[in-house]
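Chemist: mind looking at a prediction? Sequence and model below.
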Amino acid sequence: MDRAVDNRTTDEECCVETIHLATVVPVDVHAGMPGVNFEDRRRQALDKYRTVIESTGFDVEAHVVHGTPYRRINGIAEPVYADLAVVGSRGQSPLENRIIGSTARNLARTTAVPVLVNRIERGTDDPEVLREQLFQRMLFATDFSEHADRAFDAFSYLRHATEEATLVHVRSPKDEGVDANASPREQLIEYASTLETWDIETRIEVRHGDPADEILAVEADVTPSTILVGSKGRSRIRRLLLGSVSEESVAQATGNVFLAPPPWSA
């Protein structure tokens with residue numbers, strides 16, 4: 001079950017106007033299968049969600065579609081210019097990493113809208129959301145690129161929900177060509193000063209090693225509710241659509257991951 005949130009407002013503060021509920025019947029499931037009508041069952045399930053959401057005052061549109069999940073979700077989110085796509089994930093396991101690859105991971109690689117990977121319990125028939133306070137404790141990972149700066153801009157509309165933020169930069173051997181005069185700690189302090197004007201309690205960390213491994217290590221230390229990271233967006237070379245750090249965060253983080261892709265104009 002996936003949700004695309006359509007936010008059409010010119011006010012300074014964001015508000016949700018329309019929620020699109022989407023469920024995808026896989027390509028290997030068809031109406032001719034004996035004793036099973038997946039489309040009707042999915043539609044009935046969406047109707048239950050629609051009733052609850054509409055009772056709170058939101059407009060709702062439901063979509064039951066057939067095909068490859070991440071392609072069909074993109075096909076719904078893009079035409080409505082959704083502001084956020086929400087997809088559930090049970091997190092990593094020796095086997096489930098392949099399942100992530102078929103949905104959340106591929107959606108993260110190809111999306112044109114921000115994606116929130118909402119982590120839920122594994123190994124249970126009735127899973128619960130692991131960290132409900134989505135943006136209360138944020139971990140922001142940055143390499144000081146334009147993609148990271150764009151992700152940091154998300155704090156401008158998340159600040160009312162965020163109480164704590166950890167800002168982390170990881171120096172790796174690949175940084176040898178980066179201007180050595182630019183101090184990562186000083187750059188993080190600049191980010192922190194912005195957050196502190198919004199009364200967000202902030203800490204900074206500069207680490208050395210493999211970026212994905214170190215960011216996940218920081219997550220284990222501070223247990224944020226959500227990791228915020230920028231993605232590189234689309235490219236003709238599909239395997240380079242998403243930076244390895246973003247991809248590993250989606251696949252291996254224990255908490256939620258919020259991915260900010262390039263703007264629509266890109």
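Modeler: Happy to help now that I have it. Residues are numbered from 1 along each chain as shown.

Chemist: which residues in the protein form helices?
Modeler: Here the chain has its helices, by DSSP state H, at 38-55, 69-77, 96-102, 104-110, 146-152, 155-158, 184-196, 211-222, 244-252.

Chemist: just the ones you listed: most buried one?
Modeler: With neighbours taken as mean count of other CB atoms under 10 Å, those reach their highest mean count in helix 104-110, at a mean of 24. The way it works is simple: take the backbone N, C-alpha and C, and place the C-beta from them, glycine included.

Chemist: from the contact counts, what lies against that helix?
Modeler: Other helices and strands packing on helix 104-110, by 3 or more CB pairs under 8 Å, 6 or more residues apart in numbering; DSSP states H and E, are helix 69-77, strand 84-89, strand 115-119, helix 244-252.

Chemist: can you redo those as TSV with mean pLDDT?
Modeler: Output for the helices and strands packed on helix 104-110, formatted as TSV (pLDDT from 0 to 100):
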stretch	mean pLDDT
helix 69-77	87
strand 84-89	84
strand 115-119	86
helix 244-252	75
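
Chemist: give me the neighbour count for the spatially closest residue to residue 246 that is not a sequence neighbour.
Modeler: Excluding the flanking residues, the one nearest residue 246 by CB to CB, 6 or more residues apart in numbering is residue 231, at 4.7 Å. For residue 231, the count of nearby residues is 26 (other CB atoms under 10 Å).

Chemist: distance-wise, check residue 231 relative to residue 111.
Modeler: 8 Å (CB to CB, to the nearest Å).

Chemist: residue ranges with poor pLDDT in the stretch 151-266 of the chain?
Modeler: The stretch 151-266 of the chain contains residues with pLDDT under 70 at 173-182, 232-244, 263-266.

Chemist: please enumerate residues in contact with stretch 155-166?
Modeler: 13-14, 133-140, 192, 194-195, 198, 200-205, 218, 222, 224, 228 (CB atoms under 8 Å, 6 or more residues apart in numbering).

Chemist: just the buried members of the residues you listed?
Modeler: Listed as buried from the contacts of stretch 155-166 are 134-140, 192, 195, 200, 202, 204-205, 218, 222, 224, 228; burial here means 16 or more other CB atoms under 10 Å.

Chemist: dump the residue contacts of residue 192.
Modeler: Residue 192 touches 165, 167, 202-204, counting by CB under 8 Å, 6+ apart.

Chemist: try 6 Å this time
Modeler: Counting by CB atoms under 6 Å, 6 or more residues apart in numbering, residue 192 touches 202, 204.

Chemist: likewise residue 222?
Modeler: Counting by CB under 6 Å, 6+ apart, the residues that residue 222 touches are residue 166.
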